[in-house]
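1. Build me a model from this:
(2 chains)
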Amino acid sequence: MFISDSYFAIGNTHIRSGKPCQDYAIAKVVPDRAIAIVVDGCSSGGITDFGARLIAHSLLCGHYLIPTLPHYLYKFGLTWNDMLATYIRATIEPWGSEVLFFGDGCAVINYGDHSEFIRINYESNAPYYFVYHLNGKYDDYLSMQEGKRITLTIANGTDISVRELTPEETSKGILVKLEHEPLSITIFSDGVCSFSGMEWIDVCKELTAFKNTSGSYLKRRMSKAIQDFNKSDVKMLDDIAGAGLHIMR
Amino acid sequence: MPKLADMDTTKIGGSNFNFSSIKIEHLGATEYSLVTIAVDVTGSVRDFADLLREMLITVVKACKKSPRAENMLIRVIRFSSMFQNGVDEIHGFKLFKDIDPDKDYPELHGGGMTPLCDACFSCFGAMNEYGKKLVDNDYLVNAIMFVITDGEENASTATMKMVHDEAKKGVSGEILESTTSVLIGINAGNFKDSLNIFQKEAGMMQYVDAGDATEGKLAKLAGYISQSVSSTSQALGTGGPSQNIQATI
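-> Just a heads-up that it's a prediction; the model follows:
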């Protein structure tokens, strides 16, 4: 049996600039599988808070968004700019569990006796948006990465591996297949990397230190942790979204 | 209706007072208001015990209809020197959906003397213990309690100091976001001064005189309590108690 939950919150930068929260997260459980999705809208894009929700719900329902995207854009008066967003999708299914990244973000895989912390980071701060293949901006994306690193970091206890990714690789999606069934998977937007004075791994550890896993377990933990960070003067600069899947054993 | 196995029994500090509460794994929300109602069932309420029971049922029915009902937990106790430690728990902290007000509230037979300190200690102590447990599990919690009496303290084992110390703990120990405590006098015109003094010495927020024990007055009392509960629940997350708790009925 699975439990799922999600949470998102606006960061200080957007509060000050009067922008909405452009991160969104959602998770769903069906009889034999669970899916979690986090979408992070581009802050210099258009109405990416709406775009983020449209992308997330389409993915959750299993729609193949890309072929129908021009139709939605036309119907709702949207432009490509409103769909500029990264997304991360985590699934737990009978045949295996995996995390798929289109763009940047983090994941925490809890195996019970240890946890793995995964991060995709763009030195350019210009992550891959899946609409680049549709809006003719793919070459612009490639040139933004010139001379800059894109890295996949996997930290497991004291072991940290860092692999460099090519822009071409990232455009196909970075798939992390889990070697065995986890106790839980929690995915986060890159907002976890924006807490002033705190390392992303430490932030992830706090955000996944669940006291219990009933109902809105992720909302409780993230909300409390962010409040505690604030009391210690650790500010959340960027929007943040998290979605989690937990296996009840 | 939760089964016995769904409830925990907990001691209040080092005292002989216990309370019961629904197990945390059954609480799926992010925040809860803890509501406690303590009803005087001493000898002098015999003539209007039925009206008190009706009042209680009216409060619970009103709260069940609240849009915030799923974020409230209620405990109901009765007090008299007839009971061990002066207090008998009709039910511990439960969700409103698990209460059938027409079936779960027995006839309130009046008898014995008035252990007002015992009642207040049980209310404060249970709210603090359970509140702390919830807060330690990342829930956001505030609390409101009503102690309804027609007479003055004359039969407690708990001391005024014990009551006062528990009253202070709820907020000063940063356990609960806020605690509102109301002593209500019904048919207590002769004891107005002593109850005012009791309220201050016990560290309770206010004393309210509900007037004579008539059907109309008790119906007004029911409205006052359910409105106060609703305001308290809506204040959750604001960092302080509700500003809307009336000083009079």
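2. which sections of the chain are below the confidence cut-off?
-> No chain was given, so I picked chain A. For chain A, the stretches with pLDDT under 70 are A:63-67.
3. that's the wrong chain, I wanted chain B
-> Using pLDDT under 70, chain B drops low at B:1-4, B:171-173, B:244.
4. can you pull out the strands in it?
-> For chain B, strands defined by DSSP state E occupy the ranges B:7-11, B:18-22, B:31-40, B:72-79, B:87-95, B:140-149, B:179-185, B:206-209.
5. need these in CSV with mean neighbour count, can you?
-> Where C-beta positions appear, they are placed from N, C-alpha and C, glycine not excepted. Compiled in CSV, those are given as follows (neighbours: other Cβ atoms under 10 Å in any protein chain shown):
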stretch, mean neighbour count
strand B:7-11, 14
strand B:18-22, 20
strand B:31-40, 25
strand B:72-79, 25
strand B:87-95, 20
strand B:140-149, 26
strand B:179-185, 25
strand B:206-209, 19
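6. Which one, of these, ends up nearest to chain A?
-> Within the strands of chain B, the stretch nearest chain A is strand B:140-149; the backing value is 7.6 Å (Cβ to the nearest Cβ).
7. I'd like the strands of chain B written out as CSV, with distance to chain A added.
-> Listed next are the strands of chain B as CSV, based on distance: least, Cβ to the nearest Cβ, whole Å:
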stretch, distance to chain A
strand B:7-11, 13
strand B:18-22, 11
strand B:31-40, 8
strand B:72-79, 14
strand B:87-95, 12
strand B:140-149, 8
strand B:179-185, 19
strand B:206-209, 29
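8. Out of these, which is closest to residue A:54?
-> With Cβ to Cβ, the closest approach to residue A:54 among those belongs to strand B:31-40: 29.5 Å.
9. Give me the nearest residue to residue 70, chain neighbours excluded.
-> Picked chain A for this. residue A:134 (7.7 Å; Cβ to Cβ, 6 or more residues apart in numbering or on different chains).
10. wait, chain B
-> Spatial nearest neighbour of residue B:70, chain neighbours left out: residue B:29 (6.1 Å); criterion: Cβ to Cβ, 6+ apart.
11. Tell me how far that neighbour lies from residue B:154.
-> Here residue B:29 is placed at a distance of 41 Å from residue B:154 (Cβ to Cβ, to the nearest Å).
12. Then residue B:99?
-> Per Cβ to Cβ, residue B:99 is found 32 Å from residue B:154.
13. Can you name the residues of chain B sitting close to chain A?
-> For chain B, the residues in contact with chain A (Cβ under 8 Å from any Cβ of the partner chain) are B:24-30, B:136-140.
14. Give me the buried subset of those residues.
-> Neighbour counting over these (16 or more other Cβ atoms under 10 Å in any protein chain shown) leaves B:24, B:27, B:29-30, B:137-140 as the buried ones.
15. wait, doesn't residue B:25 sit right on residue A:217?
-> No - with contact defined as Cβ atoms under 8 Å, residue B:25 does not reach residue A:217; the gap is 10.4 Å.
16. if I look at the residue of chain B found nearest chain A, how far off is residue A:3?
-> Closest approach between chain B and chain A, counting by Cβ to the nearest Cβ: residue B:28, at 2.0 Å. Separation of residue B:28 from residue A:3 (Cβ to Cβ): 9 Å.
17. Near chain B, which residues of chain A? Just list them.
-> For chain A, the residues in contact with chain B (Cβ under 8 Å from any Cβ) are A:211-212, A:214-216, A:219-221, A:223-224.
18. Residue B:130 and residue B:10 touch, don't they?
-> Yes - if you go by Cβ under 8 Å, residue B:130 and residue B:10 touch, sitting 7.1 Å apart.
19. Name the residues contacting each of the two.
-> Here residue B:130 and residue B:10 have B:19, B:21 as joint contacts, going by Cβ atoms under 8 Å, 6 or more residues apart in numbering or on different chains.
20. Skip the chain neighbours and tell me the closest residue to the residue of chain B closest to chain A.
-> Nearest to residue B:28 is residue A:215, by Cβ to Cβ, 6+ apart, at 2.0 Å.
21. Same question for residue A:249.
-> Residue A:249's closest residue in space is residue A:183 (Cβ to Cβ, 6+ apart), at 7.4 Å.
22. quick one, what contacts that neighbour?
-> Counting by Cβ under 8 Å, 6+ apart, residue A:183 makes contact with A:110-112, A:246-247, A:249.
23. Run a quick neighbour tally on residue 51.
-> This is for chain A. Applying other Cβ atoms under 10 Å in any protein chain shown, we find 29 residues neighbouring residue A:51.
24. hm, I was asking about chain B
-> Residues lying near residue B:51 (other Cβ under 10 Å) number 19.
25. And residue B:99 and residue B:154? Which one has more around it.
-> Neighbour tally, residue B:99 and residue B:154, criterion other Cβ under 10 Å: the higher count belongs to residue B:99, 21 against 12.
26. ok, now which ones touch that one?
-> Contacts for residue B:99 (Cβ under 8 Å, 6+ apart) come out as B:1, B:60, B:64, B:74, B:91.
27. so what's the last one bridging to?
-> Taking DSSP bridges, one finds residue B:76 as the beta-bridge partners of residue B:91.
28. quick one, strands of chain A?
-> For chain A, the strands defined by DSSP E occupy A:2-9, A:23-30, A:33-41, A:85-93, A:96-102, A:105-110, A:115-122, A:150-156, A:159-165, A:174-177, A:184-188, A:240-247.
29. Residue B:207: which of these is closest?
-> Closest to residue B:207 of those is strand A:2-9 (Cβ to Cβ; 40.9 Å).
30. Quick check: buried residues in the closest one?
-> For strand A:2-9, the neighbour count (16+ other Cβ under 10 Å) marks A:2-9 as buried.
31. and which of those is nearest residue A:53?
-> Nearest to residue A:53 among these is residue A:8, at 10.1 Å by Cβ to Cβ.
32. what residues are up against residue 11?
-> Went with chain A since none was named. Residues near residue A:11 by Cβ under 8 Å, 6+ apart: A:21, A:191, A:194, A:236-240.
33. that's the wrong chain, I wanted chain B
-> B:17-18.
34. Against residue B:21, how distant is it?
-> Counting by Cβ to Cβ, the gap from residue B:11 to residue B:21 is 12 Å.
35. centroid residue for chain A?
-> In chain A, the residue lying closest to the centroid (Cα atoms, centre = their mean) is residue A:189, at 3.5 Å.
36. Show the backbone phi and psi for that residue.
-> Main-chain torsions, residue A:189, degrees, to the nearest 10: phi -70, psi 170.
37. doesn't residue A:40 make contact with it?
-> Yes - if you go by Cβ under 8 Å, residue A:189 and residue A:40 touch, sitting 4.1 Å apart.
38. Spit out the residues that contact these two alike.
-> A:23, A:86, A:105, A:239, A:241.
39. count of neighbours near the last one?
-> A count of neighbours around residue A:241, defined by other Cβ under 10 Å, yields 30.
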